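Engineer: Quick check, what structure comes out for this input:
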Amino acid sequence: MLKLDRLGWAAGLSFRAYGLTIGVRTNTASILERLVPHLPYGWEVSGVETVDHLFSMLVGHTTEHATPSVVRRVGPAGKRRRFNLLYDGILLDIRTLDVEELLERFESSVRLKVAEHAKRRVFVHAGVVGWRGRAIVVPGRSFSGKTSLVAAMVRAGATYLSDEYAVFDRRGHVFPYLKPLSLRLGDDEKQTHVPVEDLGGVASAVPLQVGHVIATRFVEGASWRPRNLTEGEAVLAMLAHTVPARRDPAAVLEVLNRVARRAVALKGSRGDADEAAAEILARVDSGRVAR
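Structural biologist: Next up, the predicted model:
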């Protein structure tokens, strides 16, 4: 950290999100404006100098006194290009020549930092929609198909709460975590940020009690034939995707037990997202549970 402190920082900002104070310092003030769209949902300007977590961002092409770690020699003429670096505390998070990649990595890193250390909230990797006044929570990791299922339910009339995190309070209610949906369009793995309005949907502004927990993943050609989960199985299905599970297991289990106690939990593979969304919403409407 002493080495980082000596690099000559030109500007910085601090903000609060979910009870945490996070600072960002940079070697060029112009990058701060570009950082704003990448800050986590619900952030507020803090202005304090003492923070809980500190990110340090070196933008290479404007660095006047670069250390050897931020310089790359390219070509026989010895042309120099400077790397962009992001530090999470004292740990190097990314080293890249692409400023957009730097900003995207900052966005994902700061969101994960908030999810792990949020105060009075429990973050679970999950998609969330509202239907008939209750929330449907779809826990799952990346590439499990949760965002495409959320998008399909939104197109079918559900309200949007999140495609990344279910944010629970101590009562087990789930709060909106409103960000554009990160959809993979086409055959590559690159994500496209799609506002919910582009899907013809609307976002929820209020927390909801959880009505259903849907543990599912995409399997090509599968049909949605779920089975009921016990309360314990429902807790485990969410716990596997809970960010602060190891840091504060007692508080996490208390919250997840409250969610599972009040919700119907189903598990099963699904195929086409639109077909599965229609079947899930119809099942919720009818009040039927799987046999």
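
Engineer: now the strands for the stretch 1-150 of the chain?
Structural biologist: 11-17, 20-26, 44-45, 53-58, 71-74, 79-82, 84-88, 91-96, 122-131, 134-139 (DSSP state E, counting those that start in this stretch).

Engineer: Select from those strands the stretch with the lowest mean pLDDT.
Structural biologist: Note on those: strand 71-74 shows the lowest mean pLDDT, a mean of 46.

Engineer: now the strands: where do they sit in the stretch 151-291 of the chain?
Structural biologist: 159-162, 165-168, 174-175, 181-184, 191-194, 210-215, 227-228, 264-267.

Engineer: For the longest helix along the chain, which outside residues touch it?
Structural biologist: Across the chain, the longest stretch assigned as helix under DSSP state H is helix 99-117. Contact with helix 99-117 is made by 17-18, 20, 22, 24, 31, 34-35, 38-40, 52-53, 55, 57, 59, 61, 84-86, 88, 93-94, 96, 123, 164-165, 243-244, 247, as judged by C-beta atoms under 8 Å, 6 or more residues apart in numbering. Where C-beta positions appear, they are placed from N, C-alpha and C, glycine not excepted.

Engineer: Go through it and flag the buried ones.
Structural biologist: Using 16 or more other C-beta atoms under 10 Å as the test for burial, helix 99-117 gives 102-103, 105-107, 109-117.

Engineer: the inter-axis angle of it versus strand 53-58?
Structural biologist: Going by axes from the mean of the first three to the mean of the last three C-alpha atoms, to 10 degrees, helix 99-117 is angled at 170 degrees with respect to strand 53-58.

Engineer: TSV please, covering the strands of the stretch 151-291 of the chain and showing distance to S46.
Structural biologist: Formatted as TSV, the strands of the stretch 151-291 of the chain follow (distance: least, C-beta to C-beta, whole Å):
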stretch	distance to S46
strand 159-162	24
strand 165-168	20
strand 174-175	21
strand 181-184	27
strand 191-194	26
strand 210-215	31
strand 227-228	45
strand 264-267	38
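
Engineer: want to try CSV for the strands of the stretch 1-150 of the chain, with mean neighbour count and distance to G232 as columns?
Structural biologist: Shown next, in CSV, are the strands of the stretch 1-150 of the chain (neighbours: other C-beta atoms under 10 Å; distance: least, C-beta to C-beta, whole Å):
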stretch, mean neighbour count, distance to G232
strand 11-17, 18, 32
strand 20-26, 20, 31
strand 44-45, 10, 38
strand 53-58, 22, 34
strand 71-74, 12, 53
strand 79-82, 12, 53
strand 84-88, 22, 35
strand 91-96, 14, 37
strand 122-131, 27, 16
strand 134-139, 26, 15
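
Engineer: A276 is nearest to which of those strands?
Structural biologist: strand 134-139 (10.2 Å; C-beta to C-beta).

Engineer: The closest one: partners in the sheet, and parallel or antiparallel?
Structural biologist: strand 122-131 (antiparallel), strand 210-215 (parallel) (DSSP bridges).

Engineer: Tell me how far that strand lies from the chain's centre.
Structural biologist: 15 Å (C-alpha atoms, centre = their mean, to the nearest Å).

Engineer: Ok, stretch 152-161 next?
Structural biologist: 18 Å.

Engineer: rewinding a little: redo the strands paired with strand 134-139 as CSV? Include distance to Y160.
Structural biologist: Compiled in CSV, those are given as follows (distance: least, C-beta to C-beta, whole Å):
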stretch, distance to Y160
strand 122-131, 6
strand 210-215, 16
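
Engineer: Figure out which of those is closest to L183.
Structural biologist: strand 122-131 (11.6 Å).
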